[in-house]
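> Pasting the sequence and the predicted model now:
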Amino acid sequence: NRVLIHPKTKDGIRHVELNRPEKMNSLDMDMFHSIAAAAKQMRNDKHVRVVIISGKGRAFCTGLDVKSIIRPSTEHGRLPMTKINRLLERPSGYGSDADADDHDDDGDGDGEDAESNSGKPVEVDPIAMGNLCQDICYLWRDVPVPVIAVLNGMCFGGGFQLALGADMRYSTPDCKLSIMESKWGMIPDMGASVTLRELVRIDVAKELTYTGKIISGSEAEELGLVTRCCDDPMEEAWSVARSIASKSPDCVAAAKIMYQSTWTASEKECLEMETKLQKQMLPSYNQTSASLKNFGVDLPYMDRKDLDK
């Protein structure tokens, strides 16, 4: 139980909790698979309206558990390079509707043995080409509901990149954050090249990456890496989640698609996407329900519908 998925609240809020507190929620193979599976589950659950991600114990996530990755695993019959290749194999399988176990898991990372249980090649969504390292961070961007990360204690390396995959990040002022990969002679390869460019200038991203310096939650807020610092980020997350859950699930999902698909796009693409999504709102049951609430008529929302991106 590396990840706890708490029961949905009546308004559709789901709390996903990293559950390896004795190891500061660091990332071993089981944690990688559990986080990716949780993201896939949240993506496919139309009853979910908002997701809150947090870490149990004294830290959000301290990044890669290097010892567990380089240690031979008799439990799974895997040598260190086999595990590393599994982490870097693309696609991981979690980004598509196919079972992740259907994809190449022989450790060579070439993906050529990827077959379904029926023996047929697995069809992979072209936008779901991340490896397992990337997918635990990047797949949350594909979940069609807002994802809120609650940061405390430490948020290092892969843990920081996981947080960057969320829509918003609420942190304690004294939380310690770092793009720490340079400490191990590596680069941040879990989606940081996408997520950081949406939040900070390139020189800031480079400095944080080159140095691996540790910054506080307050400093991260000033840089734009954290949405807001507060004494109780979990309370803030629940407050914001309840506010979002009171809105039409269709318009919230459409807004997420709109911003994430157009943030670095051309003006033409931006305007076209706005129109494409708005046409799917008008007319619709949930849009009507939202409008009627302005006149004192409380018509319950239906589950979110699938939107054409």
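Structure's in. What do you need?

> Can you show me the helices along the chain?
Under the criterion DSSP state H, the chain contains helices at 29-44, 66-70, 80-88, 132-142, 158-164, 192-195, 202-211, 217-223, 233-245, 249-262, 267-281, 285-293.

> Would you mind giving those helices as JSON lines with mean neighbour count added?
C-beta: built from backbone N, CA, C; applies to glycine. Listed next are the helices of the chain as JSON lines, based on neighbours: other Cβ atoms under 10 Å:
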{"stretch": "helix 29-44", "mean neighbour count": "21"}
{"stretch": "helix 66-70", "mean neighbour count": "14"}
{"stretch": "helix 80-88", "mean neighbour count": "18"}
{"stretch": "helix 132-142", "mean neighbour count": "25"}
{"stretch": "helix 158-164", "mean neighbour count": "28"}
{"stretch": "helix 192-195", "mean neighbour count": "20"}
{"stretch": "helix 202-211", "mean neighbour count": "14"}
{"stretch": "helix 217-223", "mean neighbour count": "19"}
{"stretch": "helix 233-245", "mean neighbour count": "18"}
{"stretch": "helix 249-262", "mean neighbour count": "19"}
{"stretch": "helix 267-281", "mean neighbour count": "13"}
{"stretch": "helix 285-293", "mean neighbour count": "16"}
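
> Make CSV out of the ones you listed and add distance to residue 22 and mean pLDDT.
Compiled in CSV, these are given as follows (distance: least, Cβ to Cβ, whole Å; pLDDT from 0 to 100):
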stretch, distance to residue 22, mean pLDDT
helix 29-44, 12, 96
helix 66-70, 12, 88
helix 80-88, 21, 85
helix 132-142, 20, 95
helix 158-164, 16, 98
helix 192-195, 27, 96
helix 202-211, 28, 98
helix 217-223, 23, 98
helix 233-245, 21, 98
helix 249-262, 34, 97
helix 267-281, 44, 98
helix 285-293, 43, 97
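
> wait, which of the ones you listed is closest to residue 51?
Closest to residue 51 of those, according to Cβ to Cβ: helix 29-44, at 5.2 Å.

> Which residues does the closest one contact?
1-3, 5, 14, 16, 18, 20, 25, 27, 48, 51, 65, 68-69, 73, 76, 78, 83, 86-87, 92, 94-95, 97, 100, 132-133, 135-136, 139-140, 142-145, 147, 162 (Cβ atoms under 8 Å, 6 or more residues apart in numbering).
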